[in-house]
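[1] Sequence plus predicted model, see below.
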Amino acid sequence: MLLIMSVYLLRHGQTSWNAAGIIQGRYDTSLNETGIAQAKLARETLKDVRLDVAYVSPLLRARQTAELALQGKEVPIIIEPRIVEMAYGDYEGTNWKAGDYQRKRRYLAYRFKDGESYLDLAYRAFSFLEEIREQGSSGNVLLVCHGGIARVIHSYFEDEVDNDSFIDSICPNGSVRVYEYKTRNVPLRMDVPDDLKI
């Protein structure tokens, strides 16, 4: 079945921690004035887009962004834990420019102490995206989430993403990206034929 479903990804607006270059992860910060303005600009970007459903990270900054961006639209909002920001463990609350953090974040399988790895993040994000895909409907879905998870979602839809471009890619606060399922031709799961089962 050829899906014509589009996925609109909106990264939450700026917080004071974003502005200060502090790693947030699961820390539950709120939007600052710039972030509120960015969410309102996203509302303008999305005003002519028919959205069937919005899946939103449970963190406050994402929920605030969704409320502002969807103001005036009758769109069901579903809080979705699988698109919560990556858990950076002990690095949350520290400066993102720190050399030790910058080195470790380049290892996709490296699991931060008391946190996640990018592979952990991809596991939960990809399973969620595949679940949407398997529903097989057409229409438009909005995801309101975070920078780390946005990086992983981008890699789900784009085939030629090497390690460096993955790590170095940034989805700016308040920006909207659009992806289509029809560009992803290979499902992540497949059934094993009976004659190959052990």
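    Yes, it's here. Numbering: from 1, shown residues only.

[2] any idea how far residue 18 is from residue 94?
    Using C-beta to C-beta, to the nearest Å, residue 18 is found at 14 Å from residue 94. C-beta coordinates here come from the backbone N, C-alpha and C atoms, glycine included.

[3] Could you check which of these two has the larger neighbour count?
    residue 18 (23 against 14; other C-beta atoms under 10 Å).

[4] So the more buried one sits against residue 173, correct?
    Yes. Between residue 18 and residue 173 there is a contact under C-beta atoms under 8 Å: 5.9 Å.

[5] Touching both of those two, which residues are there?
    residue 35 (C-beta atoms under 8 Å, 6 or more residues apart in numbering).

[6] Give me the contact list for the top helix by length along the chain.
    For the chain, the helix with the greatest residue count under DSSP state H is helix 118-135. For helix 118-135, the external contacting residues (C-beta under 8 Å, 6+ apart) are 3, 5, 7, 55, 80, 82-83, 86, 108-109, 111, 141, 148-149, 151-153, 155-156, 166, 181, 184, 187-189.

[7] Go through the residues you listed and flag which are in strands.
    Using DSSP state E, the members of those that fall in strands are 7, 55, 141.

[8] what's the neighbour count on the first one?
    Pointing back at residue 7 there. By other C-beta under 10 Å, 20 other residues sit near residue 7.

[9] Give me the pLDDT for residue 12.
    For residue 12, the pLDDT comes out at 98.

[10] Would you confirm that it contacts residue 144?
    Yes. Using C-beta under 8 Å, residue 12 is in contact with residue 144, at 6.6 Å.

[11] More neighbours: those two, which one.
    residue 12 (33 against 29).

[12] contacting residues around the more buried one?
    Residue 12 touches 31, 35, 39, 57, 59, 61-62, 64-65, 144-146, 173-174, counting by C-beta under 8 Å, 6+ apart.

[13] would you list those in TSV and tack on secondary structure, distance to residue 99 and pLDDT?
    Shown next, in TSV, are the contacts of residue 12 (DSSP: H, G, I helix; E, B strand; the rest coil; distance: C-beta to C-beta, whole Å; pLDDT from 0 to 100):
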residue	secondary structure	distance to residue 99	pLDDT
31	strand	29	98
35	helix	28	98
39	helix	33	98
57	coil	29	98
59	coil	27	98
61	helix	27	98
62	helix	29	98
64	helix	32	98
65	helix	31	98
144	strand	32	98
145	strand	27	98
146	coil	23	98
173	coil	24	97
174	coil	29	97
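
[14] between the ones in strands among the contacts of helix 118-135, which is closest to residue 49?
    Each of the ones in strands among the contacts of helix 118-135 was checked against residue 49 using C-beta to C-beta; the closest is residue 141, at 10.8 Å.
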